[in-house]
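Colleague: Okay, here's the prediction I keep looking at, along with the sequence it came from:
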Amino acid sequence: MAVSLSKGQRISLEKTGGGGLSKVRMGLGWDPAEAPKKSGFFGSMFGGGAAADIDLDASCLLLDAQKNLLDVVWFRQLESRDGSIRHSGDNLTGEGSGDDEVIFVDLTRLPGNVAYLAFTVCSFRGQTFNEVGGAFCRLVDDSNNTEMAKFNLSDKGAHTGVVMAIVSRNGAGWEMKAVGTPTAGAVANDMMPAVLAAL
């Protein structure tokens, strides 16, 4: 059964029955913005009108033990330079159920100098999280499609980005920390100050 994480909570990325994970994926989902309701005679006749699409972007920042940025996987670079991390591609609206953007990680192929993976989400068009509904991220064991943890990102606010989670080396294995820190940013690199504060 998946763990519903709260901010600051950590889980070890070990398989049930022992052994480390080899492949995981981080899914991000959200709902399209609801059309604003209009009042009055014309509002009741013609409804709320079209809502602006919400374009959230999931990204993964790779850092070394000294917290130096090594690489970024996002919609403009869909694969890490070492090939260990892959992005599913840009979803511009959040339309549809389930994960809207997915980042696939092969933990066994990560270079030894990668100590942290920071998963972030930001609003590319600058809409705030007051306008986003049903946002979540979840970590899945990609070898058997088992959801391991889910983190609700539904906190409203004037922020445009969230540091979702940090996956870090823990001895020979890995652990995940749910962060949920709101911040400002339209692209992944804007999130670095909040990422460094969360490590």
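Modeller: Received, thanks.

Colleague: separation between the residue nearest to L13 when sequence neighbours are not counted and G8?
Modeller: Residue nearest to L13 in three dimensions, not counting chain neighbours: W174, with 4.3 Å by C-beta to C-beta, 6 or more residues apart in numbering. The C-beta positions use only the backbone N, C-alpha and C, and glycine is treated the same way. Plainly put, W174 is 17 Å away from G8 if you go by C-beta to C-beta, to the nearest Å.

Colleague: More neighbours: which of those two?
Modeller: Set side by side, W174 and G8 show more neighbours around W174, with 19 against 11, by other C-beta atoms under 10 Å.

Colleague: Pretty sure that one sits against I11.
Modeller: No - using C-beta atoms under 8 Å, W174 is not in contact with I11; the gap is 10.0 Å.

Colleague: coming back round to it: mind checking the SS state of the residue nearest to L13?
Modeller: When classified by DSSP: H, G, I helix; E, B strand; the rest coil, W174 comes out as strand.

Colleague: per-residue pLDDT, it?
Modeller: What the model reports for W174 is a pLDDT of 88.

Colleague: Contact partners for it?
Modeller: Going by C-beta atoms under 8 Å, 6 or more residues apart in numbering, W174 touches 12-13, 20-21, 107, 167-168.

Colleague: Apart from its neighbours in sequence, what residue is nearest M192?
Modeller: Spatial nearest neighbour of M192, chain neighbours left out: L69 (6.7 Å); criterion: C-beta to C-beta, 6+ apart.

Colleague: who does that neighbour bridge with?
Modeller: Beta-bridge pairing for L69 (DSSP bridges): L63.

Colleague: That one: what's it in contact with?
Modeller: Applying C-beta under 8 Å, 6+ apart, we find L69 in contact with 61-63, 192.

Colleague: before we move on, what about M164?
Modeller: When contacts are counted by C-beta under 8 Å, 6+ apart, M164 touches 26, 28, 58, 119-121, 137, 151, 153, 178-180.

Colleague: between these, which is nearest S84?
Modeller: The shortest approach to S84 among the contacts of M164 belongs to M26, at 13.5 Å (C-beta to C-beta).
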